[in-house]
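In: Let's see this in three dimensions:
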Amino acid sequence: MAAWDLSVIVEDLGNETPPVSLSVTSDFHIGGVMLKLVEKTQIKRDWSDHALWWEQKQQWLLRTAWSLEKYGIHADARLVFMPQHKPLRLGLPNGITLRLRACYSSPVFKTVMGICRMLNIRHPEELSLLRPVEEKKKKKDKDVNEEIYDLCEVPLTSGAFISLHSLSIPESYLIFISHKLHTHSEWLDSSRCLLQQGIQENDRLWLRFKYLTFYELDPKYDVVRLTQLYEQARWAILLEDIDCTEEEMMLFGALQYHISKVSQSEPQILTTNAAMDDLESALQCLEVKMEGESILSDTHEMFSFQLNTTSSTVIVYYRPKRLTLKGYKQYWFKFQDTSISYFKSKEESIGEPIQQINLKGCEVAPDVNVAAQKFLIRLLIPAPEGMNEVYLRCDNDQQYAQWMAACRLASKGKSLADSTFQSEIQSIRSFLAMQKTNSGSHGNAPANDESINTYSLVSPRYHKKYKVKQLTPRILDAYQNVAQLSLTDAVMRFLQIWQSLPDFGLSYVVVRFKGSRKDEVLGIAPNRLIRIDLGVGDVVKTWRYNNMKQWNVNWDIRQMAIEFEGNVNIAFGCVTADCKIVHEFIGGYIFMSTRSREKSDTLNEELFHKLTGGHEAL
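Out: As a prediction, the model looks like this:
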């Protein structure tokens with residue numbers, strides 16, 4: 001076989017050094033080419049991390065047993081011999097920037113796994129990398145006062161754990177996200193490596209929780225994970241990336257004040273609490289609040305009903321849109337096993353009901369404002385064409401706790417006779433107690449504590465609405481309800497309330513549905529897709545992933561088509577993000593739902609890429 005010259009740039013020799021010329025034949029394997037390069041450079045060093053990069057094809061040549069002919073490499077190929085691990089500046093949710101060695105040759109999914117192993121963050125599948133939004137405008141002068149922790153010399157082994165919770169948080173960190181729709185378009189492709197996506201040595205990326213469905217949160221093992229998750233949640237609230245009520249904002253502010261105050265006197269950001277050992281029971285009151293579709297399209301009805309033999313009244317009403325509240329009718333309701341049935345009156349409840357609703361498998365979410373005496377329970381019930389939305393309104397917090405506990409048990413297929421019913425009620429009551437304000441004394445905290453920086457505790461909207469001297473007493477008032485919490489419990493409670501917000505977990509993308517002439521918003525949640533009218537913000541339709549039969553992507557026209565049970569089909573093209581990003585979000589959340597306690601120690605990377613990668617990854 002005839003020999004020919006192959007030119008290879010050796011990155012370690014410097015930019016000014018000409019390429020190394022090798023005499024090869026087409027049956028030369030990649031490993032042999034690398035060996036000849038090392039011999040010709042005559043540099044004694046560890047070359048084990050080096051590999052060949054094919055510039056024209058934007059491809060790493062990692063199969064060292066493959067021949068040049070099998071790869072399709074000819075004399076005109078531009079090859080670079082370089083390290084696979086290179087320095088990367090990584091911005092964490094708490095504002096700290098780390099400089100560490102990351103893998104530029106593996107898919108981003110695997111690179112994130114390596115980063116999280118170094119930082120001692122469990123369940124790395126929940127995180128990913130994205131380009132900083134502010135990078136485009138401030139690229140020239142943004143590094144002037146940036147403090148960077150250099151971890152490039154930390155060995156890339158499973159035992160290299162970094163205690164990030166002990167690092168200080170820069171006060172200048174004010175950027176988390178500039179715009180919901182724009183930011184979600186900046187996520188990197190998990191199936192491709194950093195170099196394939198134009199990320200160069202020492203570039204800056206953000207490490208963020210992408211899939212907001214958290215598995216096995218445990219303060220004993222998740223110190224760094226919880227710290228970073230808390231910071232991501234905190235900045236999402238402060239910069240109004242997620243909406244909350246005024247009462248909730250004051251409680252968030254109080255929890256932040258308490259966490260900051262207690263963390264100064266404790267050696268670690270989080271401490272182990274024996275009461276948090278069984279986190280599943282501690283977080284029973286966590287529910288995702290989402291908007292859905294009405295069970296009745298043309299009527300808006302209210303119902304009265306009874307729980308077991310109690311005489312208290314609970315109101316149920318249906319509404320197909322957020323901004324549409326009309327008249328109502330009263331009915332009598334019965335709760336039996338995992339179903340609720342309604343009748344025209346109590347006397348008729350011994351006969352056949354007008355309708356019976358099975359709550360098994362439904363989504364149960366709170367909609368509560370204690371100060372306004374608003375105690376609503378939002379039920380999203382599976383239906384062939386999406387989700388039916390039902391609201392229950394309770395008269396007081398005690399009644400609400402009973403009904404919320406009953407609905408949660410029913411959604412899990414458990415009746416009121418279940419042994420956890422009373423503990424569920426108590427957990428909900430404890431959650432409500434935190435939102436109650438103390439109109440009397442402020443305890444040990446003065447009414448106008450000058451140590452409180454309200455600008456770091458509540459979003460800018462409230463500084464436009466109120467003066468600092470008005471905000472401070474309100475934050476301190478809410479603080480009295482959380483002042484006795486341990487640091488761990490305070491962080492966990494902050495995350496609980498964050499996860500109960502209506503828009504929690506939603507990633508937004510502007511799309512154009514097939515057959516429509518206008519742009520609309522697609523909300524991607526951990527367990528459902530939501531179609532939102534871009535003009536007024538109303539939820540038009542909701543589809544659950546567990547009703548999804550299949551989804552396909554036409555990569556030529558960048559359009560997604562999804563088929564649901566009941567012969568429901570939708571198709572849309574993406575306007576503000578690449579179609580691959582939406583495809584990866586959906587596939588990623590479906591992958592997250594496959595995790596179980598038995599499989600928690602092993603991550604099925606092949607399944608993740610099968611669900612998220614598309615034809616490009618294959």
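
In: just for the stretch 401-550 of the chain, where's the confidence low?
Out: Within the stretch 401-550 of the chain, the stretches with pLDDT under 70 are 435-451.

In: what number of residues lie near Ser339?
Out: The criterion is other C-beta atoms under 10 Å. On that basis, Ser339 has 15 neighbouring residues. The way it works is simple: take the backbone N, C-alpha and C, and place the C-beta from them, glycine included.

In: Now the longest helix along the chain: buried residues?
Out: Once the chain is assigned using DSSP state H, the helix that runs over the most residues is helix 246-263. Going by neighbour count (16 or more other C-beta atoms under 10 Å), the buried part of helix 246-263 is 246-263.

In: And stretch 226-240, by the same measure?
Out: Of all the residues in stretch 226-240, those buried under the rule 16+ other C-beta under 10 Å are 226-238.

In: What of stretch 553-567?
Out: So for stretch 553-567, counting by 16+ other C-beta under 10 Å, buried means 553, 559-560, 562-564.

In: Off-centre distance for the longest helix of the chain?
Out: Averaging C-alpha coordinates over helix 246-263 and over its chain gives two centres that are 21 Å apart (C-alpha atoms, centre = their mean, to the nearest Å).

In: What is that helix packed up against?
Out: Applying 3 or more C-beta pairs under 8 Å, 6 or more residues apart in numbering; DSSP states H and E, one finds that helix 246-263 makes contact with helix 223-238, helix 468-479, helix 487-499.

In: Nearest to Glu606, out of those helices?
Out: With respect to Glu606, and counting by C-beta to C-beta, the nearest of the helices and strands packed on helix 246-263 is helix 223-238 at 24.5 Å.

In: relative to helix 487-499, how tilted is that closest one?
Out: Interaxial angle, helix 223-238 versus helix 487-499 (axes from the mean of the first three to the mean of the last three C-alpha atoms, to 10 degrees): 40 degrees.

In: returning to that earlier point: select from the buried residues of stretch 553-567 every entry located in helices.
Out: Per DSSP H, those never map to helices.

In: Chain neighbours aside, what residue packs nearest to the one residue sitting closest to the centre of the chain?
Out: Nearest to the mean C-alpha position of the chain, by C-alpha atoms, centre = their mean, lies Leu212 at 2.4 Å. Leaving aside its chain neighbours, Leu212 sits nearest to Gly505 (4.2 Å; criterion: C-beta to C-beta, 6 or more residues apart in numbering).

In: cool, Pro107 as well?
Out: Ser191 (5.4 Å).

In: pLDDT score assigned to the one you found?
Out: The confidence metric pLDDT takes the value 94 at Ser191.

In: Quickly note the distance from it to Ser106.
Out: Separation of Ser191 from Ser106 (C-beta to C-beta, to the nearest Å): 11 Å.

In: How about Ile497?
Out: Counting by C-beta to C-beta, the gap from Ile497 to Ser106 is 37 Å.

In: if we can go back for a sec, thought the residue nearest to the centre of the chain was touching Trp498?
Out: No. At 9.5 Å, Leu212 does not count as touching Trp498 under the criterion of C-beta atoms under 8 Å.

In: Please identify every residue contacting each of these two.
Out: Phe504 (C-beta atoms under 8 Å, 6 or more residues apart in numbering).

In: Please tell me I have it right and Cys103 contacts Met113.
Out: No. Applying C-beta under 8 Å, one finds Cys103 not in contact with Met113, separated by 9.3 Å.

In: Comparing those two, which residue is more hemmed in?
Out: Cys103 (23 against 19).

In: Once you drop chain neighbours, what's closest to that one?
Out: Thr111 is the one closest to Cys103 (C-beta to C-beta, 6+ apart), at 4.7 Å.

In: Then Ile557?
Out: Nearest non-adjacent residue to Ile557 (C-beta to C-beta, 6+ apart): Gly573, at 7.1 Å.

In: Using the three-state scheme, assign the one you found.
Out: strand (DSSP: H, G, I helix; E, B strand; the rest coil).

In: Count residues in the vicinity of it, would you?
Out: 15.

In: so what's it up against?
Out: By C-beta under 8 Å, 6+ apart, Gly573 lies in contact with 511-512, 514, 557-560, 579.

In: at 10 Å instead, please
Out: Gly573 makes contacts with 511-514, 554, 557-560, 579, 582, as judged by C-beta atoms under 10 Å, 6 or more residues apart in numbering.

In: ok, now Ile425?
Out: 398, 400-406.

In: Quick check: the gap between the spatially closest residue to Asp27 that is not a sequence neighbour and His50.
Out: Leaving out its chain neighbours, the residue that sits closest to Asp27 by C-beta to C-beta, 6+ apart is Ser67, at 5.2 Å. Distance, Ser67 to His50, by C-beta to C-beta: 19 Å.

In: And for Gly573?
Out: Taking C-beta to C-beta, one finds Gly573 at 42 Å from His50.

In: which stretches of this protein have low pLDDT?
Out: 134-147, 154-182, 266-330, 384-386, 435-451, 597-601, 614-618.

In: what comes up buried for the stretch of helix or strand Tyr462 belongs to?
Out: Per DSSP states H and E, Tyr462 falls inside helix 460-465. Judged by neighbour count using 16+ other C-beta under 10 Å, the buried positions of helix 460-465 are Tyr462.
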